[in-house]
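A.B. asks: Could you look at this predicted model? Sequence included:
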Amino acid sequence: MKLQNKVAVVTGAASGMGKAIAELFAKEGAKVIVADLNLKGAEKVAEGITSQGGVAKSVQADVSKLADIDNMIDTAVSEFGTLDILVNNAGIMDGFEPVGDIDDDRWDLIFDINTKGVMRAMRKAIPIFLEKGKGVIVNTASTGGLNGAHAGATYGASKHAVVGLTKNTGYMYADKGIRCNAIAPGGVETNIGSSMKNINEFGFERTKPAQAVMPRTGKPEEIAQVALFLASDESSFINGSVIVADGGWTAA
Ligand code: NAD
């Protein structure tokens, strides 16, 4: 098993990629904190893991709230004794709006969840990792964090910021035993569509040529395999990197 006795926190773990990551990590021997805004969903995932002989605990955590992030990491330490792996996966989409149509409240909400939540969870985890001289962070960015054609301006900017945070963190703590990498998934079959509200027709139309060259969508389990690789010692020399997993979409 690749994560035997490791303690992992996975955010946004009630659904989609986070759920697949939590389940795979548990299968590989990790004790997993299944964190999500949706407590019922998180409980269901944790119960599923436990029923398969794994170790997991659900925690309600809205990653836009500082107290919830602190509680999520504190729970990992109080329940399982430490923290080895942090997966910042929770995120929401925008409505494909270009900068000319951005609403301040929506901008703030998306940045609070997609970007500030990632920073705050990393900030909370770093002292634990520094004390151990070891720790791994995996952030779910997006191909929308590498180009301007896959989403609206707000989502794209929030994920570009995650890429920047990932590179800086990977570099800053490189000689402290801490690695920080990101995954940039392409289109993956999850429930992310439920966060796409008030679609901006102009912006959505502008993304269509890019959508048209997507070879196929991916399964959450295919992204979980990338997260497992990045969380395990098999990727020991990979740090500050962004792994694109998009089935060849951005090769177009
Ligand atoms: P999903 O909607 O299936 O899962 C996201 C989970 O995050 C849900 O369980 C939701 O309850 C949770 N969540 C939402 N807001 C939260 C908050 N404030 N605090 C804590 N949890 C919250 O979507 P997914 O596609 O699995 O999304 C996972 C990540 O992947 C996101 O960061 C998303 O931006 C990114 N992503 C998705 C795609 C895609 O095509 N699905 C592509 C690239 C990147």
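C.D. replies: Looks like it came in fine. Please read these numbers as outputs of a predicted model, since none were measured by experiment. Numbers count the residues shown, from 1 in each chain.

A.B. asks: middle-most residue in the chain, spatially?
C.D. replies: By CA atoms, centre = their mean, the chain has its centre lying nearest to residue 89, at 1.7 Å.

A.B. asks: Helix, strand, or coil at residue 32?
C.D. replies: Classification of residue 32 using DSSP: H, G, I helix; E, B strand; the rest coil returns strand.

A.B. asks: Next up, the contacts around it.
C.D. replies: Applying CB atoms under 8 Å, 6 or more residues apart in numbering to residue 32 gives the contacts 8-10, 13, 22, 25-26, 46, 49, 54-57. All C-beta spots, glycine's among them, are computed from the backbone N, C-alpha and C.

A.B. asks: what would those look like in JSON lines with pLDDT?
C.D. replies: Shown next, in JSON lines, are these (pLDDT from 0 to 100):
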{"residue": "8", "pLDDT": "99"}
{"residue": "9", "pLDDT": "99"}
{"residue": "10", "pLDDT": "99"}
{"residue": "13", "pLDDT": "99"}
{"residue": "22", "pLDDT": "99"}
{"residue": "25", "pLDDT": "99"}
{"residue": "26", "pLDDT": "98"}
{"residue": "46", "pLDDT": "98"}
{"residue": "49", "pLDDT": "98"}
{"residue": "54", "pLDDT": "98"}
{"residue": "55", "pLDDT": "98"}
{"residue": "56", "pLDDT": "98"}
{"residue": "57", "pLDDT": "98"}
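
A.B. asks: So residue 219 sits against residue 190, correct?
C.D. replies: No - taking contacts as CB atoms under 8 Å, residue 219 lies outside contact range of residue 190: 9.3 Å.

A.B. asks: Look at those two and report which has more neighbours.
C.D. replies: Comparing residue 219 with residue 190 by other CB atoms under 10 Å, the one with more neighbours is residue 190, at 20 against 14.

A.B. asks: Where does the more buried one sit, in terms of helix or strand?
C.D. replies: Residue 190 is part of no helix or strand, with elements assigned from DSSP states H and E.

A.B. asks: need the residues of the chain near the ligand, please.
C.D. replies: Applying CB under 6 Å from any ligand atom, one finds that the chain approaches the ligand through 11-12, 14-18, 36-38, 41, 61-64, 89-92, 113, 140, 142, 185, 187-188, 190-192.

A.B. asks: buried subset of the residues you listed?
C.D. replies: 11-12, 14-18, 36-38, 41, 61-64, 89-92, 113, 140, 142, 185, 187-188, 190, 192 (16 or more other CB atoms under 10 Å).

A.B. asks: Just the ones of these in strands?
C.D. replies: 11, 36, 140, 185 (DSSP state E).

A.B. asks: Please, where are all the strands along this protein?
C.D. replies: 7-11, 31-36, 55-60, 85-88, 135-140, 178-185, 242-245.

A.B. asks: Going along the chain, name the helices of this protein.
C.D. replies: For the chain, applying DSSP state H gives helices covering 16-27, 39-51, 66-80, 104-111, 117-132, 153-172, 201-212, 220-231.

A.B. asks: Rebuild these as a markdown table, extending it with distance to residue 241.
C.D. replies: Output for the helices of the chain, formatted as a markdown table (distance: least, CB to CB, whole Å):
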| stretch | distance to residue 241 |
| --- | --- |
| helix 16-27 | 18 |
| helix 39-51 | 28 |
| helix 66-80 | 24 |
| helix 104-111 | 23 |
| helix 117-132 | 16 |
| helix 153-172 | 7 |
| helix 201-212 | 23 |
| helix 220-231 | 9 |
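
A.B. asks: burial measure for residue 177, as a count.
C.D. replies: Look at residue 177: counted by other CB under 10 Å, it has 13 neighbours.

A.B. asks: got a list of what it touches?
C.D. replies: Residue 177 touches 129, 132-135, counting by CB under 8 Å, 6+ apart.

A.B. asks: repeat for residue 62
C.D. replies: Neighbour list for residue 62: 37, 68 [criterion: CB under 8 Å, 6+ apart].

A.B. asks: could you redo the last one with a cut-off of 10 Å?
C.D. replies: 11, 35-38, 68-69, 72, 90, 112-113, 117 (CB atoms under 10 Å, 6 or more residues apart in numbering).
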